[in-house]
Every structure is written in structure tokens, then in C-alpha cells.
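Asker: have a look at this prediction, sequence included:
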Amino acid sequence: MSTQVKPYSAEGSKKTQVLAMFNRIAPYYDFVNRLLSLGIDRVWRKRAIRLLEGSRPKVILDVATGTADVALETAWRLSPDAIIGVDIATDMLDIGRQKIRRHQLEQVIRLQEADSENLPFQDNTFDAVTVAFGVRNFEHLERGLQEMWRVLKPGGQVVIIEFSKPRLFPFKQLFQFYFKNILPFIGRITSKDPRAYRYLYESVQAFPDGQDFVEVMHLTGYKQCQCLPLTLGICSVYTGFK
């Protein structure tokens, strides 16, 4: 199990604090992501979505959809019949809906407020489930993974993108310095939330990345699970099947 790290206080619900944090930083979220990653986060999303090209899923669930970046990229690349994006942060969803309207994809992508640990869908509903930088924020990691497994159709695929910890010397040490010291400082100035990007660092350190997360996926029911490290291990893409 992952260590519980919360954005603001050791007291109280992680879910409530994560909700407050993302609603607070929603207006700055896309800009800060591009700035801090130098745009590499877009490359990571495209790489992950390409892993679904073989199965060409028609009905897709995007969990922790945020401002709908993955949902939009999936619509462009895979041309599915429907994508449903869910998130607990309504302010993030509002920005996502604006982007969807701007790209005239309202007939394909629908966003709704929902809890990743209690998804409002029937068993065996979706051909694929995607999550980008969201599982780290689950209050109960295993419960969220089990819910995603439940709503997947038999044979359906999950694709998860999450930050991980580089292990190659000296890149590991250089990136850790940037991630621990520089990134929170820039994030504090640009997002107006002193804790949000400190929480990012702390939650990545606590997250069971790499083969540890693959094992958690196995334990929650997924088969043929794999981990694909990207950009020297800054990020990893995890895949599995029901």
C-alpha cells in the first residue's frame, strides 16, 4: 500500500484536500504544467494513448480527467464513439468543457463530476480506461484501481500515466534537486498555492512506482501488467487488461 500524503494537513480527508487544491489551482493548471515540464507532458500523453491503437476502443473512460487533455488527445488519435471524463474538481471540469466546446467535440466527450473510488457506472461498461497523473491522488489506491477494473469490459485495457522516480546516476540526483527545490518554488509563484507543488513532490516520493505499482495492479485484478518508463524514468506508463 502507498503511504498517505495529503496536500495541506495530516488531519482530515485526503480526498477533500485534493478537491480543494485542484479547484484552487484550476485557472493556472494547464499553463503551469506546460511551463514546468517544458511541454514534455504532452509527449507522455501521446505515447500512452498510442498503446490503445491496437484495440481501437470505442467507449472510453478517462478517470481524474482534470481539464480533459487526455480525453481530447484520445478523441483526435483514436476517433472513439464516446469518451466520458470524470473528476471530483468541478472547476477543472469547467475548463475542460470550454476546451471541448472550442474543439467542437461535445458529441464525443462528456465530462461529469464523479469519485474515482465510487464510479457511477455499471460493471463491464468501457472498452478502455485511462488515467493521467491521477492515481497518485486517490485516497485509497487499491479501491480506485478496483473500481476501474469493475467498469472495464472483459479483455478491456487500462492505461495509466504517473510520475515515477528516476534511478540513473547522475540524472536521478539532478532531477531530485529540481523536483524538490526549483519546481515547488516556480509552482508557488505561478499557481498561487504554496502547497500544491510541494505536495506534488511529496506524493511522488510516497507513490509505489515501477514494479511496485505493477504488483499493486496484479493484486487488484489486472493481467499482463507492464511498466514503460519515459524520459529516463521521470514518468511511467502502466498497462494492464481485465
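Answerer: In hand now; what should we look at? Numbers count the residues shown, from 1 in each chain.

Asker: what's the lengthiest strand in the chain in contact with?
Answerer: For the chain, the strand with the greatest residue count under DSSP state E is strand 152-163. For strand 152-163, contacts defined as Cβ atoms under 8 Å, 6 or more residues apart in numbering pick out 44-45, 48-49, 51-52, 55, 57, 70, 124-136, 148-149, 200, 204, 207, 209, 213, 217, 222, 234-242. No exception for glycine: its C-beta is placed from N, CA and C like everyone else's.

Asker: restricted to buried residues, select these in PyMOL.
Answerer: Buried subset of these, written as a PyMOL selection, criterion 16 or more other Cβ atoms under 10 Å:
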select buried, resi 44+45+48+49+51+52+57+70+125+126+127+128+129+130+131+132+133+134+135+136+148+149+200+204+207+209+213+217+222+234+235+236+237+238+239+240+241+242
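
Asker: now the element after the host helix or strand of Leu111, going C-ward?
Answerer: Using DSSP states H and E, Leu111 falls within strand 109-113. Later in the chain than strand 109-113, the nearest helix or strand by DSSP H and E is strand 126-132.

Asker: packing partners of that next one?
Answerer: For strand 126-132, the packing partners by 3 or more Cβ pairs under 8 Å, 6 or more residues apart in numbering; DSSP states H and E come out as helix 40-50, strand 59-63, helix 69-78, helix 141-151, strand 152-163.

Asker: Arg110 is nearest to which of those?
Answerer: helix 69-78 (9.1 Å; Cβ to Cβ).

Asker: can you tell me what sits against the closest one?
Answerer: Counting by Cβ under 8 Å, 6+ apart, 30, 42, 45-46, 48-50, 52-53, 56-57, 60, 62, 65, 80, 83, 85, 96, 99-100, 103, 105, 108-109, 111, 130, 132, 161 sit against helix 69-78.

Asker: please pick the buried ones from those.
Answerer: Buried, going by 16+ other Cβ under 10 Å: 30, 45, 48-49, 52, 57, 60, 62, 65, 80, 83, 85, 96, 99-100, 105, 108-109, 111, 130, 132, 161, out of the contacts of helix 69-78.

Asker: how about low-confidence regions in this protein?
Answerer: 1-3 (pLDDT under 70).

Asker: sorry, back to before: turn the helices and strands packed on strand 126-132 into JSON lines, including distance to Phe171.
Answerer: Shown next, in JSON lines, are the helices and strands packed on strand 126-132 (distance: least, Cβ to Cβ, whole Å):
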{"stretch": "helix 40-50", "distance to Phe171": "14"}
{"stretch": "strand 59-63", "distance to Phe171": "30"}
{"stretch": "helix 69-78", "distance to Phe171": "26"}
{"stretch": "helix 141-151", "distance to Phe171": "27"}
{"stretch": "strand 152-163", "distance to Phe171": "15"}
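
Asker: could you say which of the ones you listed is packed most deeply?
Answerer: strand 59-63 (a mean of 26; mean count of other Cβ atoms under 10 Å).

Asker: direction included, what does that one pair up with?
Answerer: Partner strands for strand 59-63, per DSSP bridges, with pairing direction: strand 82-87 (parallel), strand 126-132 (parallel).

Asker: between those strands, which one is closest to Asp115.
Answerer: Nearest of these (Cβ to Cβ): strand 82-87, 8.0 Å.
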